[in-house]
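here are the coordinates; sequence isn't available:
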């Protein structure tokens, strides 16, 4: 690459670079000015920090500096409230990790509303559970025609309450897969047949869900249902 050193308060001036130079520790904080953007290949976020929009008077390029850290020590604030977005519908962030969120969630990827409850054992996805009689546990596997149903062991909760607590995520309401034995038709009422497994029942019996799909298999299987405990 071509470059010339000038007296710019200890900074570094680089012209017409084909790619970002390989930086060493001694280069931390130095600056370059790219005259030809088409020939410039910037490094990763750990290499260069680009100051977008800081073009020169003649629009020759942009300023950038070597990143010295990937962490923030101060609050990051927009210049005005409710005027800027983080990402967009076409360019989304992946996972966002935080402790507290204060805002409005408008969508969820998954379906049911769940809550954590302690249990004496791990139960299969779709198992029907009821309030436990055992001291020290919230739930246990549901018995035949139980009227103490809590919900169903959730596969993918849309929202989990008490998420940091110990226990199993139990779907309380919404669209969930339920373990059902015997043929089932859409709109059938579901009750517990014992051992946490559901079965089709007449409407006058206590029902805890309505089937959302038809499945003629006589064996046990997962059937998507509308949970309405």
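Sure thing, it's come through. Quick caveat, the model's predicted, so the values are computed rather than measured. Numbering: from 1, shown residues only.

What residues are bridge-paired with residue 153?
Under DSSP bridges, the beta-bridge partners of residue 153 are residue 170.

domains in this structure, as residue ranges please.
Partitioning the chain according to automatic domain parsing yields domains covering residues 2-66, 110-229.

For residue 108, give its distance to residue 177.
From residue 108 across to residue 177, the span is 17 Å (C-beta to C-beta, to the nearest Å). C-beta here means a position set from N, CA and C on the backbone, and glycine is covered the same way.

between those two, who's got more neighbours?
Just comparing residue 108 and residue 177: by other C-beta atoms under 10 Å the higher neighbour count belongs to residue 177, 23 against 12.

In this model residue 224 seems to touch the more buried one, though I could be wrong.
Yes - assessed by C-beta atoms under 8 Å, residue 177 is found in contact with residue 224 at 5.5 Å.

Least confident of the domains of the chain, on average?
Averaged per stretch, pLDDT over the domains of the chain is lowest on domain 2-66, reaching a mean of 47.

The residue nearest to residue 120 when sequence neighbours are not counted: what secondary structure?
The shortest distance from residue 120 to any non-neighbouring residue, by C-beta to C-beta, 6 or more residues apart in numbering, is to residue 137 (5.2 Å). At residue 137, secondary structure determined by DSSP: H, G, I helix; E, B strand; the rest coil is coil.

what's the burial count for residue 137?
Each residue near residue 137 was counted by other C-beta under 10 Å, and the total is 15.

show me the contacts for it.
Contacts here follow C-beta atoms under 8 Å, 6 or more residues apart in numbering; on that basis residue 137 touches 118-120.

Who wins on neighbours among those residues?
residue 119 (21 neighbours).

what about it, distance to residue 174?
Going from residue 119 to residue 174 by C-beta to C-beta gives 20 Å.

Next: residue 187.
Using C-beta to C-beta, we find residue 187 at a distance of 17 Å from residue 174.

Looking at these two, which one has more neighbours?
With other C-beta under 10 Å as the criterion, residue 187 and residue 174 differ in neighbour count, and residue 174 comes out ahead with 21 against 11.

Quick check: closest non-adjacent residue to that one.
The spatially closest residue to residue 174, leaving aside those adjacent along the chain, is residue 112, at 3.5 Å (C-beta to C-beta, 6+ apart).
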